[in-house]
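> fold the following and give me the result.
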Amino acid sequence: MRGHFSEGRRRQGSLLALVQDDDPEWVDAVNGAAWLATDQGDRRSALGLLEQAREHARATGDRAREATGLCYRGRAKLVIGDPTGGRDDIERALQLQTESGDETGLARALWLAGAAASPWVGSAGA
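As a prediction, the model looks like this:
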């Protein structure tokens, strides 16, 4: 996909350069960039960004943001054809979101868990 996704990734990259990496919202911005990369089919970039964000969240003890990164990585794995890995990440995200008390994050993880449970995920017809 080109156009809006490419523009969005360019703009997000420019904005990300302005955010200090010790700002908690840096993790949000990196996760957002990874979401766009996933939608654009840029698997390598998406998974790399998600790993950076998850490691940063984990290092700072931010369980909710760590869970968001796992949730997004699970989605990316589902998209690239790794349903088992995707489900595992989403399952862990559900645990962390429950522990952290982040209701919005929990709702997101539950939504993705439902999608991951679909009989079409991982099938040849997906």
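> and stretch 102-116, what's buried?
For stretch 102-116, burial by neighbour count (16 or more other C-beta atoms under 10 Å) applies to 102, 105-106, 108-109, 112-113, 116. Every C-beta, even on glycine, is put in place using the N, C-alpha and C of the backbone.
> cool, stretch 60-75 as well?
Judged by neighbour count using 16+ other C-beta under 10 Å, the buried positions of stretch 60-75 are 62-75.
> ok now that stretch, how far from the chain's centre?
Remark: stretch 60-75 is offset 7 Å from the chain centroid, using C-alpha atoms, centre = their mean, to the nearest Å.
> now do stretch 77-86
Taking the mean of its C-alpha atoms, stretch 77-86 sits 12 Å from the chain's own mean (C-alpha atoms, centre = their mean).
> send the alpha carbons of the helix or strand bottoming out on mean pLDDT in the chain over as CSV?
None of the helices or strands of the chain scores lower by mean pLDDT, DSSP states H and E than helix 4-16, at a mean of 71. Coordinates of each C-alpha in helix 4-16 appear next as CSV, following Å, rounded to 0.1, in the frame of the first residue of the first chain:
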residue,chain,number,x,y,z
HIS,A,4,-1.7,7.5,3.1
PHE,A,5,0.3,4.7,4.8
SER,A,6,3.6,5.9,3.3
GLU,A,7,2.7,9.5,4.3
GLY,A,8,1.7,8.5,7.7
ARG,A,9,4.9,6.5,8.3
ARG,A,10,7.0,9.5,7.1
ARG,A,11,5.2,11.9,9.3
GLN,A,12,5.3,9.6,12.3
GLY,A,13,9.0,9.1,11.8
SER,A,14,9.6,12.9,11.8
LEU,A,15,7.5,13.3,15.0
LEU,A,16,9.3,10.3,16.6
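> what's it packed up against?
Identification of packing neighbours for helix 4-16 by 3 or more C-beta pairs under 8 Å, 6 or more residues apart in numbering; DSSP states H and E yields helix 24-39.
> tell me the angle the helix it packs on makes with helix 4-16.
Orientation of helix 24-39 against helix 4-16 (axes from the mean of the first three to the mean of the last three C-alpha atoms, to 10 degrees) gives an angle of 160 degrees.
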